[in-house]
Structure formats: C-alpha cells, structure tokens
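*Asks:* pasting the structure only:
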C-alpha cells in the first residue's frame, strides 16, 4: 500500500500522498482528517481508475463523518469517489430517477438516519406507554424498509444502512427495562426488524453503528451541543472511528481482503516452548494464561469455520510439534484444521513463501501471527506484502488483537467458504490418488469429474461475485465489476453470465469459475474468464473454452474474441488463447486481443473435461 | 496567535496569509456554517477544551476563539 501511495499516478502527475496519510495514521484526530482532506483536494484528490463510487444519504449533518470517511478510505488503501446528498433529501434522491444520486451511479449507497426521524415518538415522547411506543417503531420500520425497497429497485448499488442508537441515557432511568417495551428495548426491536429485513434482501447490509457507539462509549460518542447547533449528533472524538468503520464495511462488501492466517506455535498457540519445556508442561488451560491461549484458539477456529485458511509456521521439530497438535488434550485446533504446515528450522520468510506457493495464494493474502517481535520485524521488512499482526505481550489479550483485525471481514459467507477446509482435505486425497494412479490421464479419468454450467442466480450469484474480486491467477482480464455492474450484466440480453461448478468422486469443489460473454453484432467477446486456482491442472479450462465456443455459436456469433490483460499475478494465462488456436489481433489499450473465426474453429477438450449443464439442482454448492 | 491562525487556515483550506486575529465568517467566505462547526471541533480537540453552545454560536473571529481559550487557562500562541 505504501508503495502505491507514493507513486500513484493521475493524469500523468505523480502525487506523493504518503506524508499526508502517515500523519493521519500516527494521530487519527479529527483535525488531522480535516487537514488531510484539504491537502487531498489541493492536489486534485487523485483517484485510481477503479475507485469505488460511494453515495451517502442522511437526515442529519453528515459532512464531518464524510470528511473522515474519504480520508480513511485513502488511509486504508481503497480510495473512493464520494457523493454526499443534501441534508435530509434521502427520500427525494431515492425516489426521483433523475436525481443526483442516480446520476452519480453509485456502487455503494450508505444510508444513515437518526432515530429521532425514524421513530420520533420514542425519542421525543418518553411518556408513551409500551404499546404506543411499539406502534411507533413498527411504522418507522415500515417507512424505512419501504425506502430501502425503493432504493433497491432504482439502483444496482450495494446498500449499507446504519442501525439505531439513542443519543443519550434513557429518560426513564431505571424504569426503562421494567416496562414491556422501554425506550432501549424499543430501539433494539427497531434494529432487529431492520436486520431481519436486510437478511431477507440481497445487496442490503446493516452497519452496526449501535455496536460501535457502545464499544466506544455512548456518552463519549455523542455531542448534544453539536446536535442542537448543527444537527450533527456525533462527538468529535468519535468521527474518525465512524469514518474508519464505514470503510471497513465498504471493503467487506467485496469479500475478505486476505485469505490465510499463518500461525506460530510456541507462546502463540500455546504457552511455553515445546523444545525446552516438553509437551507435558505446555500451558493450555489449567490456569488463567493457559486459558487465554485456548480462547485465542477458539477465536481462530471461528475464522476457520467461515473459510479462512490456517497454516502453521514454527521453528520446531515437525514430528514433535504435530504430535502435540494432534494429541494434547488442551488443543482446540487439530491437524485437520491446517491447510498447510511448515514446521522446521528454516527462515520464516522462506517458509512463508513456500506456504503461499503450497496454497496457491499470493503473499498479499497472508496474515502472520507470531509472538516474537524479531520474527515479526523480519517478515515486515522482507515481505512487506504480508500483513503482520502485532501480538500483545500478554496472551490474555491475544484474542482481542485477533478480533480487531479487519483483513478477514466479509458481509456474506458462502457455502464454499464454509466448506473450504474440507476441500483442502479432498485436495490432499486427490494428490494421494494421483500418486497411485501412475499417469496423469488415467488419474483424471478416474476422478470422474462433472463440470457443469450453472446460471448466476441466488447463492451462486453471490459466489460468482466473490470470485470476481478474489481470483487473481487464472483470470484473463481481471475485471473487478462492482456488484451493480455485475447484476446489470446478468440481466442484459446481450450478455451471458455463466458459472462453472466442478465435482468429482472425491468431493465437491463447488462453483469455481465464471464466464462473462458479450454479444455485439456477429462478435462474441469474452469479457471475463476466470477459474479458481483450486481446480487448475486438470484441463478444466480447455473444457470451459470449448463450451464458450458452443455458447458463442448458439448466440449467433461468427467471431469469438478474447483479451488478455496483464496483472502482476496472471502471467500463467498470457499464452492461454494462443495455446488454444486463437490468432493475435494486436493490442488495444492494456489488452492483448485474440480472435477465432467460428466458421472453422474447434477446441478439443479432453474426455474428462467436458462441460455439461447442471442436471439435478439449481441450489448453491 | 500564529499557531491558532495556522490551524484555522489549515482547516478552511486557505493560505495562512489570509487569516489574522480579526478574520471571521463575515470576511472570509470559506468560513461558512459547516466549516464553523469543523473549526470548533478541531480547536476543541487540539486545545482539549469544550465551549458552550452559546459561545460557539457567538464566535465571530479568530480572536474570539483566542479569548475563549484564554478564559480556560490555555496559552494561545
């Protein structure tokens, strides 16, 4: 990130943003955010071409929040183009199709409303009885969800809506929770209702501002003077945190930033040093610090359950260390939880490189956790792409440090995420079968693969959108569509958006590929062709290309056109079209164009890699 | 009062030469109501003070801010 900041190029002008953003990182005060914004503007606020377009709608004065949002987006390495709707114009902006909001064509809309506007009675009339209060909440919720429904209909953007929190302590005092529906409870019921609605509607996510104010301290989070003077409810000290939290949600809308947690063993997963203390004296439960290590492991297990890969990287004797992982009664994590293991006496930098290669992920997908400050600094200096967690000295605080990490944030967990670990098991089993089968061909035939084309609907759509943002290596064009663009293509008549699902006799790999075709006249363009690295090496890509040729012909095209756009990570597919008989069509912008005349063109897929249609189910896999 | 003038200039995004103790919302267009709140927030944060609602409303210049800060025992330089 640092490198990119220092050399970001905009219209040929090199702008050095690093010192501005470093000042904010060092001291994230509101004043520093204001200074940074002024300086960014003075430099023309340079944005990368793929900056996401974010609109903020609010019925209170939201500009100070927006200041922190814009600057935090830069600080966190994902600059945004921002539109802030005029004060209290959310309904007009949403309902009028010609409004500034819709002209802005946002990728994400953030809707932040104050409780006093959504459920005025709850705030202004604390003397209401429970039944009246509940009716007020219900009608406020209905109005809000109507507005959200209208927004969903009129835009393809991802919608992030903040939940609600009272601005001050309950006027009912200790009576509040004695009532059937006191004020605090009424607000919670409103938040539950909003969450239920968001849960039932794709593209709508709840931003937990209530939780954030509680963590920060409700009395410190709000400022009654600013609310009365300017209808700006938040305290100055809370604004940078809120801006940063919104960015966290913006980033999470496209899935987790990183994929793999790499863990040390001694004094990280357990207390003590195996080689010196012996297995029997390792601390894992039994006392307070030992229990801290176990709780840390539980938190790691929760990440594993939602699809984060775990790896071990430790200086130890491998057999001894794995025996402890397998057999120690206090261990929560067991060998089957680890997708890759490097336990040896080699340099950790070397081991991290090997782990990344093993798992087929980039170094920038790794998060490194080690109690040893020397190892952390070593990795930080030599592998700046790896995110290094600053583990506190006290193991009781390990878990909190892990929970603060936003690198694995995501707003939706797919079936593939949940099953990822199982798939890595199956992969190991496949490698075993392959070892026994002798020739690669007989192995692949023996796998009895089913490669199916599946429509982009429901959970499959969610999974495909995730692939758009996380597939790096087998990705011909690396087009990172916004959710809005992606949904639009699914609906357009001249586009075909097709998922690829793979399973074999050893297991189900789920939806692992995406093809986006665009038909114009007699030409069919392959806008996106990507496959997860999990299924490479089985000629599936050739089978899918043969299927693309069929689709293009059926769609009436006589020319098939593919493009290769080079990125630091997709070198392996540079010759993909050439290898399959396409002829070069030269360069257009940053793309190498490849063409095939469909009148006389065949892609010969091996017998084990033929694509069929999904036979039995449209359900997510 | 140079430091305070400098802070005001930075928050408003104007040249520091445009801000002196007599500068206020009536003479400097960027000092609008929204930026007035930004200034209050930044000054309160920087000097660790809290102004009252009426004081915030009645501030008309940098030197008004300085007076309020001095009343709270802050050395304004």
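*Replies:* Sure thing, it's come through. All values reported here derive from a predicted model rather than from experimental measurement.

*Asks:* looking at chain B, which helix is longest?
*Replies:* helix B:33-47 (DSSP state H).

*Asks:* so that helix, near chain A or not?
*Replies:* Yes - counting by Cβ under 8 Å from any Cβ of the partner chain, chain A has neighbours in helix B:33-47: B:33, B:34, B:37, B:38, B:41, B:42, B:44, B:45, B:46. From N, CA and C alone the C-beta is placed, and that goes for glycine too.

*Asks:* for the second one, what are its contacts?
*Replies:* Contacts here follow Cβ atoms under 8 Å, 6 or more residues apart in numbering or on different chains; on that basis residue B:34 touches A:61, A:63, A:230.

*Asks:* hmm, 6 Å instead?
*Replies:* Contact analysis of residue B:34 by Cβ atoms under 6 Å, 6 or more residues apart in numbering or on different chains lists residue A:63.

*Asks:* pLDDT wise, what is it at?
*Replies:* pLDDT for residue B:34: 92.

*Asks:* just residue A:437 next, same as before
*Replies:* Checking the pLDDT column for residue A:437, the value is 65.

*Asks:* go on, the one 4 residues further on?
*Replies:* We have a pLDDT of 78 for residue A:441.

*Asks:* show residues contacting the helix ranked longest in chain A.
*Replies:* Determined from DSSP H, the single longest helix within chain A is helix A:130-154. Judged by Cβ under 6 Å, 6+ apart, the contacts made with helix A:130-154 from elsewhere in the structure are A:94-95, A:118-119, A:121-122, A:159, A:179-181, A:186, A:189-190, A:193, A:197.

*Asks:* what are the buried residues along it?
*Replies:* Within helix A:130-154, the residues that qualify as buried are A:133-134, A:136-137, A:140-141, A:144-145, A:147-148, A:151-152, A:154, counting by 16 or more other Cβ atoms under 10 Å in any protein chain shown.

*Asks:* which pair of these spans the longest distance?
*Replies:* The most widely separated members of the buried residues of helix A:130-154, counting by Cβ to Cβ, are A:133 and A:154 (32.0 Å).

*Asks:* may I see the buried residues of helix A:130-154 arranged in TSV, with distance to residue A:453 as well?
*Replies:* Rendered in TSV, the data for those read as follows (distance: Cβ to Cβ, whole Å):
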residue	distance to residue A:453
A:133	53
A:134	49
A:136	51
A:137	46
A:140	45
A:141	41
A:144	40
A:145	36
A:147	38
A:148	34
A:151	33
A:152	28
A:154	32
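
*Asks:* residue contacts, residue A:281?
*Replies:* The neighbourhood of residue A:281, defined by Cβ under 6 Å, 6+ apart, consists of residue A:272.

*Asks:* next, give phi and psi for the residue nearest the centre of chain A.
*Replies:* Of all residues in chain A, the one closest to the mean position by Cα atoms, centre = their mean is residue A:255, 1.5 Å from it. The phi and psi torsions at residue A:255 (degrees, to the nearest 10) take the values phi 90, psi 170.

*Asks:* thought it was touching residue A:410?
*Replies:* Yes - in this structure, residue A:255 is within contact of residue A:410 by Cβ atoms under 6 Å, at 5.2 Å.

*Asks:* got phi/psi on the nearest residue to residue A:448 once chain neighbours are set aside?
*Replies:* If the residues on either side of it in the chain are set aside, residue A:448 comes closest to residue A:505, at 4.7 Å by Cβ to Cβ, 6 or more residues apart in numbering or on different chains. Main-chain torsions, residue A:505, degrees, to the nearest 10: phi -70, psi -10.

*Asks:* against residue A:445, how distant is residue A:505?
*Replies:* Look at residue A:505 and residue A:445: by Cβ to Cβ, to the nearest Å, they are 11 Å apart.
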